[in-house]
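[1] coordinates for the following, if possible.
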Amino acid sequence: MATLRFNFGTMGSGKSTVALQIHHNLANRQLFGLLLTSMDREGRQVTSRLGVAAPAIEVAAESDLYALAVANWPIHYMICDEVQFYSKEQCEDLARVVDDLEVDVYAFGLLTDFRGELFEGTKRMLELADEHSALQVEARCWCGHRATHNGRVVNGIVVYEGDTVMVGDTDEHDQPLFGDSIRYELLCRSHFRSGDLGG
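    Model (predicted):
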């Protein structure tokens, strides 16, 4: 019986690395599947901060994931990275792929946004998935405690308001010539709440 699995963690917990490993292992067993991503920092591919990458199908706002599975039939699996950015309907498409087509779906995503609230895609995956589990690689806050939050840092200050989706990086860069400097910082709950970046 096919299964809808949802694996979640903070930035740096190895979500994309595990997604790529599963894709590699299944493909090496002569199984055919689709690798999907949404808003990956490198474009139409799944990338790991370890330097591993593979081409992927970009999931756009209008993408029908059930129709995508049918159009590529027969497939054995779908691996979906950055699922926190998927819409509620796209998560329901994935459940339908599992139930109607008997295709295993492995979904990976962040649990909460920069405000500490569930993403739409994450919420729906928690409601629909047959299995959900936190990745075992624990990212760390600057203080050494387990990181539980993805803080958005704008011009050196942790912010709690703004658009849910805003592309940034985890590395600190020099102040850009135009616009704001935006990055994300892994923080424990205490330092997320206080906005303390330990500098």
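[2] now the lowest-mean-pLDDT helix or strand in the chain, how far from the centre of its chain.
    Here the helix or strand of the chain ranked lowest by mean pLDDT, DSSP states H and E is strand 45-47, holding a mean of 92. Remark: strand 45-47 is offset 11 Å from the chain centroid, using CA atoms, centre = their mean, to the nearest Å.
[3] ok now the next helix or strand after it, how far from the chain's centre?
    Downstream of strand 45-47, the next assigned helix or strand under DSSP states H and E is strand 53-55. Mean C-alpha position of strand 53-55 versus that of the full chain (CA atoms, centre = their mean) differs by 15 Å.
[4] let me see the mean pLDDT of the next helix or strand after strand 53-55.
    For strand 53-55, the following helix or strand on the C-terminal side (DSSP H and E) is strand 57-58. Here strand 57-58 scores 96 as its mean pLDDT.
[5] so what's the residue count around residue 10?
    Using other CB atoms under 10 Å, residue 10 is surrounded by 24 other residues. Where C-beta positions appear, they are placed from N, C-alpha and C, glycine not excepted.
[6] assess the claim that it and residue 141 are in contact.
    No - between residue 10 and residue 141 there is no contact under CB atoms under 8 Å: 9.8 Å.
[7] now do the shared contacts for these two.
    147, 186 (CB atoms under 8 Å, 6 or more residues apart in numbering).
[8] which one is residue 189 nearest to, not counting chain neighbours?
    Computed as CB to CB, 6 or more residues apart in numbering, the closest residue to residue 189 that is not its neighbour in sequence is residue 148, at 5.2 Å.
[9] how about that neighbour, phi and psi?
    The phi/psi pair for residue 148 (degrees, to the nearest 10) reads phi -120, psi -10.
[10] residue 120 too?
    Torsion angles, degrees, to the nearest 10, at residue 120: phi -60, psi -50.
[11] go on, residue 195?
    The phi/psi pair for residue 195 (degrees, to the nearest 10) is phi 70, psi 20.
[12] got it, and residue 157?
    According to degrees, to the nearest 10, residue 157 has phi -120, psi 130.
[13] how much space separates it from residue 24?
    40 Å (CB to CB, to the nearest Å).
[14] what's the local residue count around the residue nearest to residue 137 when sequence neighbours are not counted?
    Residue nearest to residue 137 in three dimensions, not counting chain neighbours: residue 14, with 4.3 Å by CB to CB, 6+ apart. Residues near residue 14, counting by other CB under 10 Å, number 20.
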